[in-house]
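Trainee: Build me a model:
(2 chains)
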Amino acid sequence: MQRRCRIHTIENVAEAGEAKHNCCGFVVQLLDPRPSPIDLSMRFLIAIPMLAAATATAATAAFAQRAPATGSTSAIRIPFQKYVLPNGLTVVLSEDHSTPTVAVEVMYHVASKNEKVGHTGFAHMFEHVMFTGSAHVPYGTHDRYTEGVGGSNNGSTGNDVTQYYETIPSNYLETSLWMEADRMGWLLDSLDEAKFKAQRDIVKNERRQSADNVPYARDGEVIDLTMFPEPNPYSWPVVGSMADLTVATVEDVKQFFRTYYVPNNATLAIVGDFDPKQAKAWVAKYFTEIPRGKAIVRPVVPASPLKSEKRLTFEDRVQVPELNIAWATVPSNNADRYALSLLSDILTGSRTAPLTKALVYDTQSATNASSRSQAEEGIGEFIVSVTPRPGHSLTELETIADSVIARIKMTGPTADELTRAKARREATFLNGLQSDLGKAQRLASDQTMFNDPSRSVTIDYPRTQAVTAADIKRVANKYLGSTRVVLSNVPLGKTQLASHADKSIVVTDPFTEKTLEVRP
Amino acid sequence: MRQSILAGALAVLAVVPASVNAQAKTRVAAFDRTVVPPAGKTPELRVPAWTKSTLPDGAELIVSEKHGLPLVAFDISFVGGANQYEPANETGLASLTSAMLSEGTASRTGDQISDALQALGTTIQVSVAGESGRISFQSTTDKFAPTLAILADMLEHPSIPSAALERRRASTLVALTQSRDRTGGIAAVVFPKVIYTTDSPLGRTATEASIKAITRDDVVKFANSYFSPGHAIITVVGDVNAADVRRTVERTLAAWTGGSMPAFNYPTPPAAKSTTIYLVDKPGAAQSTFSIGFAGPPRANPDYYAIRVMNEMLGGLFQSRLNHNIREVKGYSYGVGSSFAYGRGPGAFRAGGEIVTAKSDSALIQFMKELRDIRGSNPPSDDEMQQAKASLVQSLPSSFESVGGVNSAISSIYTQGLPEDYYQQFARAVNAVTRDDVVRVAQKYIDPDHLDIVIVGDRSRIEAPLAATKIAPIVLLDPSGDPVGGGKP
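Mentor: Now for the predicted structure:
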């Protein structure tokens, strides 16, 4: 499960030219982001830290009024106002005057999950079309009044939601609302074939740059297709398949817009340095006349039909193999997600975390071990990934990983392990309160998913802090069982390097560009 | 069809508010929505204030109070980095040593350090880049003093265990192997080597041989000489009291001594060669990584602000000439851009991005066109000038949003040797840049006849088309940047 953005962000982190790739996927909330404010030209494009929902290491973001400096997160409250326009648009406002900037976020409850088989990648391609201009806001204007006045903008598409956002100097709030309203209400007036096809080429390049040309990047596509096979709408990647991207038409764009891009399927969040009375007046002026759409029919998401272990081998243009073990878990509205998320931290979140310690430190059979627990609206998954040191097989790594997981299932985590994992969450939680954009995205996401803008703060965070060792032990036993996908990523032609190669089936990624499947 | 988009877009840039699509509206708006809402009054720039003092050990201490959330960002920046402190045959020593600080001290094992920091809800990051290094953390206010005590122990008494060094070395070697599976990973090695040669630290990157050559003694010596107060700037930003911080820092770092400011002596880069394409084969690559550049000017340069403005419109902004043309109009890429590295030495200019294999030749033609046009044949429009300046000046406030952002903003001034009123003066300096300045610096620094063009991609599909452009001769290099079949590049 990944997010795709309009703009891939690259941050040069060293003079030597080493670049850190920062697509707005998971784990982009750096604890201490350090692009030098003196020399922002170091960036290639725009760097926007963004918070993603429910990942293991990027803990839930949150927001607060200026809390008393007690060091206690219990003092955190959320100052927000929420109201709904007659056309169904939900509006959330939250003031924060500490910097003279405003973040505007428009989140639509539509994404790759709403696509049809054979039309994968469409929701994300549509996101790109939203930047090509609308009836009264010509192409280029959006960048002109965000980046061109010292702000920034981007959009991103996931499995469940698509979002559009900008951070602007506070004197440009009205301009921003004018532009967002225009593409919500009048996108199709300026749509043409040429604009659409240009964005389709760009999106194909995005697929190449984020998947086809990136070692190990397609592992997730193969895992999801196996774990949640069609017609489950989580079976395909957000960026879609190269073949499907080719068949989309302008007519598809129109249909999609009329169905899903309606005010009753959207949330507008404004966070930062503004006067709420004035903001409400502008919201009314620009958004009220956009008509309500029909009620949205949400897709049915079946549970994973997997009943036993699936062992797969994927050949990639790599020199070093990697092992992935994946389990289906729970969607974001299931309370077990809190314990699963902490379980991931406990297994691999530090050098003393049992899985990391066993693989990287004690046996030194791996150079890296990671895990992540994700909870989407319709499904959830837990994935462990390991890179071997030379001389160590994936079979050996799997055996060690299994023994550590078995031990956690027997004994649960120690009290110290649990306490440390929660302490790390507190720091991440507070850190997330600093950014207008981070807060706007969290407010809009919580509203969209749970009809409660403050859910992260009032429910998710306290419930995570209330998880017990027994909860962790229980979810490990319940979800990390023998029904799973074990995927070995191996160098081309070296399928014998797969874990238990004799039992592993060699598969290809059906979403890849066909010309890349030619074997050397 | 693509041409018509370009024409439309240029029209938009010229007359932003007026352009309206002529097609019939799906719905007539209740008021004239073509009118761009007027911007409010430009917010006043509020630069955070800070206090500065020199500690007995020679380090500078800077404190900036930022209340609201109970958070503190602590940072020790070191002036000078791998380029100044690393022996030529041991590239990677600075990074390996940085990693070793968390592997144990005289009184704590690596595991104990990790567990203690986790309990405090924080992590300590250590890194050394080309011209500066840092050791830093962000914590809640109440955990500041105990975290600082661990940091001091790591700085003053690292134990550098041999077994941990070998583990780190093995991981580094695997990462080096994996970096060569990516076209971008190869370009990061080859591009600087082509521009500077390995005679300059700016042209050297870590290799298998250099990582294997590093001994424990080398690491111990580097740790002791580099992580010292004589070239350190300590910045503390957040929910603290300046006087308390000074007492805590002085007490905790009382035993820390030694070190001095480094000299920044870079060899003169090799004389610019006539434009050449250096092609590195990556069979099966879906995209080619482009890096087009040269040895640029240092940061201390009267043309600095004009170059910043020029680069914004060339390849900094999303609607910059390079990205607009190569991504938005032509669809050859998901994004391209350009940057100057600056620094104390001749930091590199790079224009580039990931280009779909089949359009590598067409993209090169467009890169060359834009690099020529900015030199005067297509001078900046008023709107380009306005946007480039506003994007630099009006984006400053967002740098001061978080405690980490403020910390970085302040420490950068001192590591780069800039005046203390830098941010107050920034807007004036940027706004003074004229269109003639932009054309002048483009002509002075960007020489289309003397560019190093490094392209990493599928040779079987891109070599002949690149040759057919007749832009420059092609030299084949291997993934280490050495000529294929021997000889000098």
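Trainee: Quick check: next helix or strand after the helix or strand of chain A with the lowest mean pLDDT?
Mentor: Here the helix or strand of chain A ranked lowest by mean pLDDT, DSSP states H and E is strand A:19-21, holding a mean of 32. Using DSSP states H and E, the next helix or strand after strand A:19-21 towards the C-terminus is strand A:81-84.
Trainee: immediately after that following strand, which helix or strand?
Mentor: Next along the chain after strand A:81-84, taking DSSP H and E as the criterion, comes strand A:90-95.
Trainee: How about residues contacting that next one?
Mentor: A:63, A:78-85, A:266-274, A:276, A:279-280, A:283, A:439-440, A:443-444, A:447, A:453 (C-beta atoms under 8 Å, 6 or more residues apart in numbering or on different chains). Just so you know, the C-beta spots here come from the backbone N, C-alpha and C atoms, and that holds for glycine as well.
Trainee: Return only those of the residues you listed found close to chain B.
Mentor: A:Asp273 (C-beta under 8 Å from any C-beta of the partner chain).
Trainee: Now the buried members of the contacts of strand A:90-95.
Mentor: Among those, the ones that count as buried by 16 or more other C-beta atoms under 10 Å in any protein chain shown are A:63, A:78, A:80, A:82, A:85, A:266-274, A:279, A:283, A:439-440, A:443-444, A:447, A:453.
Trainee: out of these, which are inside helices?
Mentor: Among the buried ones among the contacts of strand A:90-95, the members falling in helices are A:279, A:283, A:439-440, A:443-444, A:447 (criterion: DSSP state H).
Trainee: Distance of the residue of chain A found nearest chain B relative to A:Ile168?
Mentor: Of all residues in chain A, the one sitting closest to chain B is A:Gly150 (2.3 Å; C-beta to the nearest C-beta). Distance, A:Gly150 to A:Ile168, using C-beta to C-beta, to the nearest Å: 8 Å.
Trainee: Pick out whichever of the two has more residues nearby.
Mentor: Neighbours per residue (other C-beta atoms under 10 Å in any protein chain shown) separate A:Gly150 from A:Ile168, with A:Ile168 holding more: 26 against 23.
Trainee: Would you mind identifying the next helix or strand past the helix or strand hosting the more buried one?
Mentor: In the assignment (DSSP H and E), A:Ile168 maps to strand A:162-169. Where DSSP H and E defines the elements, the next helix or strand beyond strand A:162-169 is helix A:173-185.
Trainee: ok, back up a step: now for the ones in helices among the buried ones among the contacts of strand A:90-95, which pair is the farthest apart?
Mentor: Farthest pair in those (C-beta to C-beta) is A:Val283 and A:Lys439. Separation: 17.8 Å.
Trainee: If we go by neighbour counts, what in stretch B:443-455 is buried?
Mentor: B:445-446, B:448, B:451-455.
Trainee: Can you flag which of these belong to strands?
Mentor: The strands, defined by DSSP state E, take in B:452-455 from the buried residues of stretch B:443-455.
Trainee: related to what we said a few turns ago, export only the CA atoms of the strand holding A:Ile168, formatted as PDB.
Mentor: Extracted in PDB, the C-alpha atoms of strand A:162-169 (Å, rounded to 0.1, in the frame of the first residue of the first chain):
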ATOM      1  CA  THR A 162      -7.000  11.500  -2.600                       C
ATOM      2  CA  GLN A 163      -5.800  14.800  -1.200                       C
ATOM      3  CA  TYR A 164      -4.800  18.200  -2.600                       C
ATOM      4  CA  TYR A 165      -2.900  20.600  -0.400                       C
ATOM      5  CA  GLU A 166      -0.900  23.800  -0.300                       C
ATOM      6  CA  THR A 167       1.000  25.800   2.300                       C
ATOM      7  CA  ILE A 168       0.900  29.500   1.600                       C
ATOM      8  CA  PRO A 169       1.800  32.800   3.200                       C
END
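Trainee: what packs against it?
Mentor: Packing partners of strand A:162-169 (3 or more C-beta pairs under 8 Å, 6 or more residues apart in numbering or on different chains; DSSP states H and E): strand A:101-108, helix A:122-129, strand A:152-157, helix A:173-185, helix A:436-450.
Trainee: out of the ones you listed, which comes closest to B:Ala363?
Mentor: Comparing the helices and strands packed on strand A:162-169 by C-beta to C-beta, helix A:122-129 comes nearest, at 19.4 Å.
Trainee: Does at least one residue of the closest one sit close to chain B?
Mentor: No - Helix A:122-129 does not reach chain B (C-beta under 8 Å from any C-beta); its nearest approach is 10.2 Å.
Trainee: Taking strand A:152-157 as reference, get the angle to that helix.
Mentor: Angle of helix A:122-129 versus strand A:152-157, following axes from the mean of the first three to the mean of the last three C-alpha atoms, to 10 degrees, is 160 degrees.
Trainee: Packing partners of helix A:122-129?
Mentor: Here helix A:122-129 touches strand A:152-157, strand A:162-169, helix A:193-207, helix A:250-260, going by 3+ C-beta pairs under 8 Å, 6+ apart.
Trainee: Can you name the next helix or strand after that helix?
Mentor: Heading C-terminal from helix A:122-129 (DSSP H and E), you reach helix A:141-144.
Trainee: Include pLDDT when you put the buried residues of stretch B:443-455 into JSON lines, please.
Mentor: As requested, the buried residues of stretch B:443-455 are exported to JSON lines (pLDDT from 0 to 100):
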{"residue": "B:Tyr445", "pLDDT": "97"}
{"residue": "B:Ile446", "pLDDT": "98"}
{"residue": "B:Pro448", "pLDDT": "97"}
{"residue": "B:Leu451", "pLDDT": "98"}
{"residue": "B:Asp452", "pLDDT": "98"}
{"residue": "B:Ile453", "pLDDT": "98"}
{"residue": "B:Val454", "pLDDT": "98"}
{"residue": "B:Ile455", "pLDDT": "98"}
